[in-house]
Structure formats: C-alpha cells, structure tokens
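Novice: Provided below for reference: sequence and predicted model.
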Amino acid sequence: MHEPKVAIIVLNWNGEHDTIECLESLLQITYSNYEIIVVDNGSECQSIATIKGYAEGKINVKSPFFCYTAINKPMQIAEFTLRELHAASEVNTTDYDLPSTRKLTLILNERNLGFAEGNNVGIRYAIEYLRPTYTLLLNNDTVVHPDFLSLLVETAQSEEMVGAVGPAIYPYDDPSGLQELGGKINMWTGKRTRIIRNSKRSHIETHVDFVSGASILFNAEIVGKVGLLDPDYFMYVEDIDWCYRIKKKGYSILVNPNSSVWHKGSMSTGGGYRASVLSFYVVRSGILFMKKNAEFYHMPTFIAFSLYYFAKRFLKNLVTDPEKAKLMMRGIKASFSKKV
C-alpha cells in the first residue's frame with residue numbers, strides 16, 4: 001500500500017532530554033515515508049548539542065516505552081538557521097536522500113517564538129521544500145506507539161474533507177489512563193471540554209471540534225485555505241483556534257482512539273513556574289479565542305458565564321495563591337493587547 005509522505009515537526013525549547021526520547025520513539029514506528037523536522041525555539045541550554053549527540057549515536061536513550069537501538073545511528077543532519085531559510089531562494093533537501101530513520105532536519109530559531117509561530121516555522125519549511133501530503137505536529141514531551149502514525153493516516157484517508165486527525169493521548173506517568181480523545185467547544189459559554197472515555201460514555205466519538213496540538217496530523221492543503229497557527233496566542237488554545245477555523249472551512253476533525261501517544265504534559269513551561277504560566281496564558285488565550293471567533297450573539301452568555309467562573313476561581317486563588325490571582329487579572333488585561 002502506498003504511504004503518503006508525512007512531515008513530522010517536533011518543537012524543542014530547553015527540553016532536549018524529552019526531545020531525544022520522543023525522537024527515538026519516532027524512529028521505531030512502523031510507518032516508513034516520513035521526514036522529521038526539529039525546530040529549536042531559541043533554547044538557552046545544551047539542547048542543540050544533546051540532540052546532535054543523540055543523532056550521532058553518542059547518547060543512549062532510556063524509556064519505559066521502548067528499547068533503544070543504535071542500528072539507525074548516526075543520523076545525517078541538515079541544519080538551518082531561520083535567517084538562512086529566509087535568505088535562501090532554494091534549499092537543497094536531496095543531499096541527504098536517506099531512509100527516514102537515518103536523517104534529521106534541524107531548524108534553529110534565534111529566540112522563543114512561542115508554540116504557534118515556532119511550529120509555523122516547521123510547517124512553512126515542510127510545505128515549501130518537502131511537499132508532504134500530511135504534516136504532523138508532535139510535542140517534544142511525548143512518546144508514540146509504533147503504529148500511531150499508520151492509524152492516523154488511515155483515519156485521514158477514511159473520508160473526504162478530513163482536515164485534521166488526533167490520537168488518544170495518555171499520561172506518560174499513567175500509561176493506561178486516558179488524558180483525552182479530542183474535545184468539544186461550546187461557543188455560548190466559551191467552554192472547551194476535552195473528551196475522556198469513562199463509564200458514563202457508551203461510545204467513543206470520532207468526529208470532534210478539536211484535537212490536541214500535542215499530536216495533530218493535518219492535510220497540508222488546508223494551510224493554503226485556512227492559514228497557519230495564529231501567533232497572537234503565543235501558547236495555549238492556538239490548537240483549538242486552528243481546529244475551529246479548519247471546521248469553518250468545511251473540513252472534519254477526527255480522532256482515532258486506537259492511535260496512542262503518551263504525553264508528559266506542559267513540560268516546556270517548567271517546574272514550579274508552570275502554574276503561573278498556565279494562570280496567565282489560559283485566561284488570556286481563552287478570551288482571545290472568543291474575540292477572534294465568536295459571533296456577536298454568543299457574547300452575552302459568554303460574558304455572564306465567564307464572570308461567574310472567573311470570580312469563583314479568582315476568589316479562591318486570592319486566599320490560597322495571591323500570585324496566581326494576580327496573573328489571572330493580568331491575563332484578562334493582556335487579552336485586549338497584542339503584547340504577550
């Protein structure tokens with residue numbers, strides 16, 4: 001059976017150990033026609049050296065999900081800075097015409113462009129130079145099942161006008177527990193609900209409103225019709241916004257519950273700072289999503305619901321975590337400004 005080409009984009013920011021575990025799991029998938037692009041988002045540590053060391057076969061990756069193999073090392077690396085890509089009229093991608101498991105493209109951003117624009121760098125490169133049928137965004141803090149990509153592509157080809165497909169996502173630390181199977185959007189309240197299989201659900205929905213940006217396969221042709229991820233978000237909700245725009249163009253968003261990805265979850269925000277980052281960006285991005293996508297008749301119920309929900313959380317945090325409450329207020333203010 002013919003396998004359409006898939007460009008896999010992995011965004012790295014100071015997460016080199018997660019990234020090489022993710023890459024090793026990708027090199028062991030059953031699908032063969034793919035290209036891996038690592039976009040480094042201006043890392044400040046030893047990320048690049050570690051990723052290169054891994055590709056050269058100098059670092060043995062340990063994981064509870066697979067056994068490391070050196071058979072596909074060293075890998076040949078094609079390395080570009082973002083400035084070089086902007087300046088080049090053409091990039092030669094044929095100099096390393098090797099099997100998928102023996103090559104790696106590395107794009108270096110000079111600074112952290114955020115999740116949306118960082119991935120956009122990889123998407124632009126893939127579409128212009130690799131010309132894939134599908135492109136996959138994959139968080140660097142994930143590990144994939146060997147069959148995950150074959151199943152996603154199978155779902156993408158299962159019906160006409162499929163815009164994006166996501167897998168079942170499981171917590172890395174709880175491999176049998178389910179994190180999500182896509183989600184639904186209620187534009188009247190602005191609430192975004194992630195679908196989790198439990199005893200109350202007698203079936204699994206395959207048609208959803210959005211799938212997680214942690215792992216999303218999309219038809220490359222939709223970029224010309226929908227555009228890229230919206231960099232105004234910087235991080236959080238940009239995947240939901242993108243899926244919403246894809247559906248508005250008449251495409252379906254599907255989830256394949258048999259395709260499995262294990263996700264460590266928001267590792268890029270780092271340690272104790274994670275809660276603060278979440279408080280600011282979740283509030284900011286949620287309001288921004290409604291500003292960009294809601295119809296005027298959605299706003300009265302959205303405002304009423306949001307005021308109740310925000311007040312409830314704000315008052316609780318004011319007592320237990322004043323810094324988080326402060327960041328929630330900053331998130332509201334920032335939602336009315338383009339500055340992050």
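Specialist: The structure has been received and is ready for your questions. Numbers count the residues shown, from 1 in each chain.
Novice: and Tyr31, what element?
Specialist: Counting by DSSP states H and E, no helix or strand carries Tyr31.
Novice: next one: it from Tyr134, what distance?
Specialist: For Tyr31, the distance to Tyr134 equals 11 Å [Cβ to Cβ, to the nearest Å]. For every residue, glycine as well, the C-beta is placed using N, CA and C.
Novice: between those two, who's got more neighbours?
Specialist: Tyr134 (24 against 19; other Cβ atoms under 10 Å).
Novice: let me see the contact set for the closest residue to Ala70 other than its chain neighbours.
Specialist: Counting by Cβ to Cβ, 6 or more residues apart in numbering, Ala70 lies nearest to Gly57, which is 5.6 Å off, once chain neighbours are set aside. The contact partners of Gly57, by Cβ atoms under 8 Å, 6 or more residues apart in numbering, come to Ala70, Lys73, Pro74, Met75.
Novice: pull out the buried residues from the residues you listed.
Specialist: Buried residues within the contacts of Gly57, counting neighbours by 16 or more other Cβ atoms under 10 Å: Lys73, Met75.
Novice: any chance of TSV for the contacts of Gly57, columns pLDDT and secondary structure?
Specialist: Shown next, in TSV, are the contacts of Gly57 (pLDDT from 0 to 100; DSSP: H, G, I helix; E, B strand; the rest coil):
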residue	pLDDT	secondary structure
Ala70	95	coil
Lys73	95	coil
Pro74	96	coil
Met75	96	coil
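Novice: CSV for the contacts of Gly57, including distance to Lys249?
Specialist: What follows is the contacts of Gly57, written out as CSV (distance: Cβ to Cβ, whole Å):
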residue, distance to Lys249
Ala70, 45
Lys73, 42
Pro74, 42
Met75, 37
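Novice: for the longest helix along the chain, give the mean pLDDT please.
Specialist: Identified as the longest helix of the chain according to DSSP state H is helix 299-320. Helix 299-320 comes out with an average pLDDT of 80.
Novice: what are the structural domain limits within this protein?
Specialist: 6-269, 271-334 (automatic domain parsing).
Novice: chain center to the first one, what's the gap?
Specialist: Domain 6-269 sits 5 Å away from the centroid of its parent chain (Cα atoms, centre = their mean, to the nearest Å).
Novice: hey, where'd the helices end up in the stretch 51-200 of the chain?
Specialist: With helices called from DSSP state H, counting those that start in this stretch, the stretch 51-200 of the chain shows them at 82-87, 114-125, 148-156.
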